[in-house]
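>>> Got a predicted model here, sequence first, then my questions.
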Amino acid sequence: MYIFYLHSQLMEGEIHHHLDENIRPYIDLIDNLRSVGVQKDVSLPTIVVIGDQSSGKSSVLEALSGVALPRGSGIITRCPLELRLRKVTGVEWKAVLTYRSKSKADKKGNDVKKFEFKNSSNVEKHITDAQNELAGKGVEICDDLITLEVMSNDVCDLTLIDLPGIVRVPVAGQPEDIGDQIKRLIMKYVQKHETINLVVVPCNVDIATTEALKIAQNVDPEGIRTVAILTKPDLIDKGTEKGILKVVNNKVIHLRKGYTMVKCRGQQQIDERIPLEEALEEEKEFFQNHDIFRCLLSENKATIKCLAGKLTNDLVNHIKNSLPRLDEQVKKLLWNVKNELTECEGGPPQDPKGAKEFLIKTIKKFNSNVTSISSGELMLEENLFAELRGEFRKWNYTLNQKKSRFNNVKELMKKNRGRELHGFFNYKLFETILQNHVAQLKEPAIDLLHKTNGIINKHLTDMVSRCFRNYPVLQNIAKDKAENIQSSQQYKTEERISEQFDMENVIFTQDPLFLKTLNEITNERYSEEELPLIDKKCKYSQMLETYYEIVAQRLTDQLPLMVTNFMLKQTAEMLSIEMLSLVDGANVSELLFEDTEVSRRRTELRARLGRLTDAQEALNKFI
Ligand code: GDP
Ligand code: MG
């Protein structure tokens, strides 16, 4: 926008000075605030253009921005168009058009459509396309914002919003309440204290009846943030000039900031593709050659250049006036954000060192919980040992159940008798009966292993879920590790159980119980050194039972010890070590990735805190 008055020989020196010392810092401030994204939290000073349909709003905007916009008769602007002018030194002219698409979002959930332009010739068509997509191809309007960001050396940082024109009578195809719809949309913008309302009124209508002016007066009775523009001075009826001059001189409807008259490109000039710069020249000539309006030039009440200068001043003054309020809002929001953040604290710190310490602490806590349940320490929520003991008892019960199964020994002997004659005792037979009997225990033993494995897995998984509740990545890793360790430990234990049963296949004992039983049966007192030869008087069933008793005694503890040692103690130790080794060379932030409502809120609040803190810092230099 500066281009217009920087080129003006009359004001150049003065404006330059003015610009550097009084204007630039304020525009930069708002620019900075916008670049830290604080407009998401507070409204920043903006200029909004309002006026009746075809009053020349878009024409004024394009003259100010140097970008051709869709204009003409009828309802042309159907969505709010945000024109962000950014002064960027040392780059080629560039513009970016963005809006939220009505069609489905892409795979990444992104619904923002973005078009980049290297020159301004195609912009107009794309804006029309965007409007058609958002508001439909007809004549309806919509609230969705289309943003055109123009980056150039020749514009200043200024945001202007073009709004649909006010209509009173719906045209064919428009809903009955189109007038109300548009008014509602306009009100949304003009009532904000941060907005400068640029009211566009054509010279060739009765300005007293202008709706836009009424709206502006309504939301800003003192006229602090209302700027009026009179357009189309070339189209007035001969003879009405004097009346219009009265308006411009603030004698009809008084406005604190007064009026500026501008002449933009008419339809014919557009059709003839008269460039914007040329149109500016023509405007100057128009006023210079106008008998009545000529005086407005020296009074600084006419031309786009003059308007641009006023607008910049107005905006800067407006920014100055808005600062205390802005500061207050930012302070209040900061206070709120800090309060809200304390409510959802407890997440990992953001700095790498703190995050790593947090990770170590989290894993150590998990490890100490794992150690606790594996060593059977009493934990209120955890009852792993109680469940395991249940399985151990069942194992004991199975062993006991098989004790009294030898009373049919005669049957067994008959069935298993080999080549030997009656009356001869076959030790092999004794052994075989025992071997078979004990071998039957292998299946329940493996069953015990599987059941206890399931119980331990359930408790470990619960523990993982609880300790790493907010960290799905950590959770999955821990669950995988636990499962892998468990399955290799189960394999190992199964081998040990098999070995145990291989050993049980060797019938052997030096348990004194056996001798005791023998003495009871024979009514003698033998010692280990002088054992009797067992004759058929002996009650084999009792001998078998006694031996089995010894085996059962061995196994009733042996299996639970194996399970406790291999499945629980070793698993817990291995898991702890593996979890702790995660810390070395880990991608800490990935491991601590959070996936909860709270964490999303915390992330958003932290971002907000950052924005507001930056804003506060920027504001502090001005307040
Ligand atoms: P909007 O609906 O308020 O945005 O109005 P536009 O900017 O689209 O302008 C409506 C019509 O008036 C267009 O054909 C413009 O070319 C024309 N127009 C705007 N300003 C002037 C002007 O100062 N002089 C002349 N002759 N025509 C103008
Ligand atoms: Mg328009």
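It's in. Ligands and ions are numbered 1, 2, ... in the order given.

>>> got the residues of the chain near ligand 1?
Contact residues (Cβ under 6 Å from any ligand atom) of the chain with ligand 1: 51, 53-59, 71-73, 76-77, 165, 231-232, 234-235, 263-267, 270. Yep, even glycine has a C-beta here, placed from its N, CA and C like the rest.

>>> restrict those residues to those near ligand 2?
Restricting the residues of the chain next to ligand 1 to those touching ligand 2 (Cβ under 5 Å from the ion) yields 57-58, 76-77.

>>> JSON lines for those residues, including distance to residue 473 and neighbour count?
Listed next are those as JSON lines, based on distance: Cβ to Cβ, whole Å; neighbours: other Cβ atoms under 10 Å:
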{"residue": "57", "distance to residue 473": "53", "neighbour count": "31"}
{"residue": "58", "distance to residue 473": "52", "neighbour count": "26"}
{"residue": "76", "distance to residue 473": "52", "neighbour count": "19"}
{"residue": "77", "distance to residue 473": "49", "neighbour count": "23"}
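
>>> Check the residues you listed and tell me the two furthest apart.
Using Cβ to Cβ, the two most remote members of those are 57 and 76, lying 9.3 Å apart.

>>> where does the stretch 451-600 of the chain dip in pLDDT?
Along the stretch 451-600 of the chain, the model assigns pLDDT under 70 to residues 528-538.

>>> the helices in it, which residues?
Per DSSP state H, counting those that start in this stretch, the stretch 451-600 of the chain carries helices over the ranges 472-504, 512-522, 540-562, 571-581, 588-591, 597-620.

>>> Please see if stretch 139-152 touches ligand 2.
No. Applying Cβ under 5 Å from the ion, one finds stretch 139-152 out of contact with ligand 2, separated by at least 11.4 Å.

>>> quick one: buried residues of that stretch?
Under the neighbour-count criterion of 16 or more other Cβ atoms under 10 Å, stretch 139-152 has 139-142, 144, 146-152 buried.

>>> cool, and stretch 47-54?
Quick answer for stretch 47-54 (16+ other Cβ under 10 Å): 47-54.

>>> Return the distance of that stretch from the chain's centre.
Relative to the centre of its chain, stretch 47-54 is centred 37 Å away, using Cα atoms, centre = their mean, to the nearest Å.

>>> Which residues does it contact?
Defining contact as Cβ atoms under 8 Å, 6 or more residues apart in numbering, one finds that stretch 47-54 is touched by 57, 60-61, 73-76, 158-167, 186, 189-190, 195-202, 205, 210-212, 215-216, 311, 315.

>>> let's see 6 Å
Around stretch 47-54, the neighbours that count as contacts under Cβ atoms under 6 Å, 6 or more residues apart in numbering are 57, 61, 73, 75, 160-163, 165-167, 186, 189-190, 195-200, 212.

>>> Over to stretch 376-394?
So stretch 376-394 is contacted by 372-373, 448, 451-452, 455, 459, 560 (Cβ under 6 Å, 6+ apart).

>>> which sections of the protein are below the confidence cut-off?
Confidence mapping of the chain against pLDDT under 70 gives the ranges 1-24, 35, 72-75, 104-110, 154-158, 378-382, 405, 407-409, 423-425, 528-538.

>>> go with 50
Residue ranges of the chain with pLDDT under 50: 1-20, 537.

>>> Would you reformat the contacts of stretch 376-394 as CSV and include distance to residue 130 and neighbour count?
Converted to CSV, the contacts of stretch 376-394 look like this (distance: Cβ to Cβ, whole Å; neighbours: other Cβ under 10 Å):
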residue, distance to residue 130, neighbour count
372, 62, 16
373, 61, 21
448, 71, 22
451, 65, 17
452, 66, 26
455, 62, 21
459, 58, 22
560, 74, 19
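
>>> Tell me the one among those residues nearest to ligand 2.
Closest to ligand 2 out of the contacts of stretch 376-394 is residue 459 (69.1 Å), distances taken as Cβ to the ion.

>>> Contacts only, for that closest one.
For residue 459, the contact set (Cβ under 6 Å, 6+ apart) comprises residue 384.
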